[in-house]
Structure formats: C-alpha cells, structure tokens
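**Q** With the sequence up front, the predicted model follows.
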Amino acid sequence: MTTTAATAATAPVADARALGLAHYAARGVLEHVLARHGITFQQQIALRAAVTADAPQTADQLVAQLRGSLKADPADARATVDELVARQLLVADGAHLRPTDAGRELLAAVGAQTAPVTARIWGAIPAEDLAAAGRVLALVAERANAELAALTD
C-alpha cells in the first residue's frame, strides 16, 4: 500500500505473529464455511489437491501433499484421505483416487460461498503490495521449510 511517512511509521512490521494472526483470521472464515458442509480444513485441502491435480493421484501422493502443505502427521494425513473416501468425495479407481461429482460440487459450493468474503478481505489492496507480500511470504515459507527439514533430519 502506498503510504505517507506518518502512516509508514505506525504501520505494523511483518513478523511471525502478524503472519500467524492473518492466517488464523482467514482460516477462521474458511472453517466457518466448511463447517456448514461438515468438512474440515484438512479434508478441504486434500480434496482440492485431488480435484486440481493434472492426473489422478494415489492415496500416498495425496498424503504426501497434505504433509508438505500442512506439515501434517502422516497418520493424520492418511486418516484425512480415508475420511474423504468414506464420505464418497473421493473414489478408488485402481491405485488412484478420483474426486466424485459430490466432491467437485462440495468444492464449488465452498468456493461460491467464500468468494464474496475473499473479495472483501483482499479487495482494494494495491497490486504492488500484494506482489511484495507474495515475495516475502514465499521467502519465509522457503526458509521455514529448510529449518523444518534440518530439524527432522
């Protein structure tokens, strides 16, 4: 955002706390919508990965994506994928899992319900501010992933 010197002096500095607060505020909005559909945040992430994949994914591939995206425990990630199969939002097709029509419809409904809220949250933020924030967040994620890898080696 283009600011005056006075505004810049009082603007909060991006740090881990600010990032966490923004994440949980936005996630809270999404989880409110997801709860209407009886789906969890983790289930939505796995289902979205299956729906948006270029090719059908195996359960192991979806578990790996959940682990990579959410840093989820392997057992929890596997349970999430199994829950989607049990709810018939994903269906086995040989070794692969494919999203069902119900799974696609659920994601479409969630998207339709969150779109106006997302527009209000992100709207009117200047493109240059979004680009700068994107660069900073990508760098923070890269560094945090490297630190996590070093801790778990």
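**A** Perfect, thanks for sending it.
**Q** From here on, just use CA atoms for contacts and neighbour counts.
**A** OK.
**Q** mind checking the SS state of Ala14?
**A** Three-state assignment for Ala14 (DSSP: H, G, I helix; E, B strand; the rest coil): coil.
**Q** can you give me phi and psi for it?
**A** phi -70, psi 130 (degrees, to the nearest 10).
**Q** where do the strands sit along the protein?
**A** For the chain, the strands defined by DSSP state E cover 57-58, 90-93, 96-99.
**Q** Starting from the first one, tell me which strands it pairs with and how they run.
**A** Applying DSSP bridges, strand 57-58 is found paired with strand 96-99 (antiparallel).
**Q** same thing with the second one?
**A** Strand 90-93 has its sheet partners listed here by DSSP bridges as strand 96-99 (antiparallel).
**Q** what about the spatially closest residue to Gln113 that is not a sequence neighbour, how many neighbours?
**A** Using C-alpha to C-alpha, 6 or more residues apart in numbering and skipping residues adjacent in sequence, the residue nearest Gln113 is Val33, 7.1 Å away. Look at Val33: counted by other C-alpha atoms under 10 Å, it has 19 neighbours.
**Q** per-residue pLDDT, Val33?
**A** You'll see Val33 listed with a pLDDT of 97.
**Q** I'd say it and Val110 touch.
**A** Yes: Val33 lies in contact with Val110 (C-alpha atoms under 8 Å); the separation is 6.7 Å.
**Q** Relative to Tyr24, how far out is Ala119?
**A** Taking C-alpha to C-alpha, to the nearest Å as the measure, Ala119 falls 17 Å from Tyr24.
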